[in-house]
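> Below are the sequence and a predicted model; questions follow.
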Amino acid sequence: MKKKWSKVVLTGLLSLSLAACSNGLGTQEAEVQNKGAMESYAVGDTFKATEPFNLSIMYNDNPAYPIKQDWMLFKKITEITGVTLEPTIVPMSDYSQKRSLLISSGDAPLIIPKTYPGEEAPFVSSGAALPVSDYVDLMPNYKDKVEKWGLEDELEGLKQEDGKYYVLPGLHEEVWPDYTLIVRTDIFEKHNIAIPTTWEELYTALKQLKEEYPDSIPFSDRFKFNSTLNIAATGFGTKGGWGFGNGLTYKEDQDEFVYTATTPEYKEMLEYFNKLVEEGLLDKESFTQDDEQAIQKFVSGKSFVINGNSQTVVMHRNDMDKTLGKDNYSISKITVPGGPAGQLMSGSRLENGVMISSKAKESENFEAIIQFIDWLYYSDEGQEFAKWGVEGETFTKENGVRKLVDDINYNGLNPDGTKDLRIDYGFSGGVFAYGGTTDLLHSMFSEEELKFQNDMKEVKDVVPAEPPIPYSVEERERVTLLSTPLKDYTDQNTFKFILGERDLAEFDTFVSELESQGVSQYLEIANETYKEYKAQAGE
């Protein structure tokens, strides 16, 4: 009997050990790291900690809706999950810098959201970031969406040389655009000017506007012109502005990466915008002015074109109701113009996401923390909660259609509401609400924004994702030392060429200057790493 009982105990222990190992945890770790974790947690389950616990989180504080500790968001998270969040509040203006300082000093919270893919790289070699790919077996909702939406290839691009990735990205069902040009449609209509569908047509339209309003500069931009360069570059077959990234562009016909700023396509884009500046169609101050200065020119009627998104168009209308009068103007986002390379749209289905401090592994609540993140950021229920709030309190839902309650507004969805979903309740903010199904994404769009999304989908072809370059720690340090000054020099000269401060006849000289600053070494490391990765993947 004694032998029989020992055998049962041994079998039970072995089963527990195997279960722990299958979750990416050893037996000893599992014994001390599963406090509060649900024994059975699957897709569709609401996470509820078996024992309540506190969880530190870095909070990117947006001045448009500054954090309030008594938000319904925080209260309901605790009520639903048993997790009480303890935010370290960081101003949006210096989030990246403060994040680095907190991580370097060892004072970072365990959960670090609002981390864009690539931003985690500096924290890999130091061991500060958790290799989250080791623990996705604890995340049924995350795994389900990756498999259902076929995101495996895109996740490859996040992997480091060790084959692991260190940030959990926001997952979208489809690529979706947001930024484009916003135009004064009433002025276009008044002068019988067609809404442009290509950048050349925009040039023609701006010339017509200049003829009608000779004292104006029709296009005055915000975001230091980086958003416009980003959206325009795709149509020119290149990258620019916010989308310049690491400065590399994959050429499929050559099966290698080139430095973006040295290509004929990049030069053609510079020539186009230089033409706009030279002819007085694009405001030179677009590259230096504060956003507020650009906005004031647009909302006061001094300019007729500006870059923006679905949120800024609503804000401009609120301002223009005061400056021009409610019925004295009309504005609209337009479909991003196409370029010489065609009607193309770049973008990823991966969004900013969550980095986890490696210190989380030392927590007795480690498994529960991973389950909590999976529920809040990746479950259908958690994503709806983060965006819409609480059914019956902030929104109603009938036949799958969500609607804000009468007194709550969000981004013009319910303009008569006296309370704001973000400012007063904390929902739909950038720390928690991203990723999800197209249905959920579209549920918060106005009819106008839905039309923009559908027009983009109909007109545009999506540029395929580029293959990954999984650098080793040593290689990453080398390419960072090379790529950072190269990008700085490229940015400086990009604006000089566009503004006419440097003649575009010197473009070849500029390419030579990049060569002298190490662009060849940078490309050599990148392409060797890529080819090694490709060979290993082929095996």
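That came through, no problem. Numbering: from 1, shown residues only.

> So which elements touch the particular helix or strand that has Val146 in it?
According to DSSP states H and E, Val146 maps onto helix 140-148. Helices and strands touching helix 140-148, as assessed by 3 or more CB pairs under 8 Å, 6 or more residues apart in numbering; DSSP states H and E, comprise strand 168-171, helix 366-378. C-betas here are computed from N, CA, C, even on glycine.

> How far does it sit from its chain's centre?
20 Å (CA atoms, centre = their mean, to the nearest Å).

> okay, the angle between it and helix 366-378?
Going by axes from the mean of the first three to the mean of the last three CA atoms, to 10 degrees, helix 140-148 is angled at 50 degrees with respect to helix 366-378.

> ok so, going back, select, out of the helices and strands packed on helix 140-148, the one closest to Thr494.
Of all the helices and strands packed on helix 140-148, it is strand 168-171 that lies closest to Thr494, at 28.3 Å by CB to CB.

> Please enumerate residues in contact with the helix or strand following that closest one?
Using DSSP H and E, the helix or strand that follows strand 168-171 towards the C-terminus is strand 180-184. Identification of contacts with strand 180-184 by CB atoms under 8 Å, 6 or more residues apart in numbering yields 195, 202, 228, 231, 298, 301, 304-309, 312-313, 316, 329-337, 452.

> Within its sheet, name the partner strands of strand 180-184 and how each one runs.
Sheet pairing of strand 180-184 (DSSP bridges) gives strand 305-308 (antiparallel), strand 331-333 (antiparallel).

> how about JSON lines for those strands, with distance to Ile57 added?
Below are the strands paired with strand 180-184 laid out as JSON lines (distance: least, CB to CB, whole Å):
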{"stretch": "strand 305-308", "distance to Ile57": "30"}
{"stretch": "strand 331-333", "distance to Ile57": "33"}
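
> which one of those strands is the most hemmed in?
strand 305-308 (a mean of 26; mean count of other CB atoms under 10 Å).

> Give the other helices and strands that the very next helix or strand once past that strand contacts.
The helix or strand immediately downstream of strand 305-308 is helix 310-323, counting by DSSP H and E. Applying 3+ CB pairs under 8 Å, 6+ apart, one finds that helix 310-323 contacts strand 180-184, helix 291-299, strand 331-333, helix 447-459.

> and the contacts of strand 180-184, which are buried?
For the contacts of strand 180-184, a burial check counting by 16 or more other CB atoms under 10 Å picks out 195, 202, 228, 231, 298, 301, 304-309, 312-313, 316, 329, 331-337, 452.

> Just the residues contacting stretch 524-539, thanks.
By CB under 8 Å, 6+ apart, stretch 524-539 touches 161, 248, 256-257, 467-472, 475, 478-479, 482.

> in the stretch 201-350 of the chain, which spans are helices?
226-235, 264-278, 291-299, 310-323 (DSSP state H, counting those that start in this stretch).

> what helix or strand is Glu200 on?
helix 199-212.

> rewinding a little: in JSON lines, list the strands paired with strand 180-184 along with distance to Lys143 and mean pLDDT.
Listed next are the strands paired with strand 180-184 as JSON lines, based on distance: least, CB to CB, whole Å; pLDDT from 0 to 100:
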{"stretch": "strand 305-308", "distance to Lys143": "36", "mean pLDDT": "98"}
{"stretch": "strand 331-333", "distance to Lys143": "35", "mean pLDDT": "98"}
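
> To Ser133, which of those lies closest?
Nearest of the strands paired with strand 180-184 (CB to CB): strand 305-308, 35.6 Å.

> Dump the closest one to PDB, restricted to CA.
Extracted in PDB, the C-alpha atoms of strand 305-308 (Å, rounded to 0.1, in the frame of the first residue of the first chain):
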ATOM      1  CA  VAL A 305      -4.100  71.900 -46.600                       C
ATOM      2  CA  ILE A 306      -2.600  70.300 -43.500                       C
ATOM      3  CA  ASN A 307      -1.700  66.800 -42.400                       C
ATOM      4  CA  GLY A 308      -3.800  65.100 -39.800                       C
END
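
> rewinding a little: which of the helices and strands packed on helix 140-148 sits closest to Glu506?
When the helices and strands packed on helix 140-148 are compared by CB to CB, strand 168-171 sits nearest Glu506, at 40.0 Å.

> Now do the closest one: everything it contacts.
117, 132, 139, 142, 145-146, 149, 151, 155, 158, 349-356, 373, 377-378, 434-436.

> now the stretch 1-150 of the chain, which segments are flagged as low pLDDT?
The stretch 1-150 of the chain contains residues with pLDDT under 70 at 1-32.

> Which parts of it are helices?
Counting by DSSP H, counting those that start in this stretch, one finds helices in the stretch 1-150 of the chain at the ranges 2-22, 27-33, 72-81, 95-105, 140-148.
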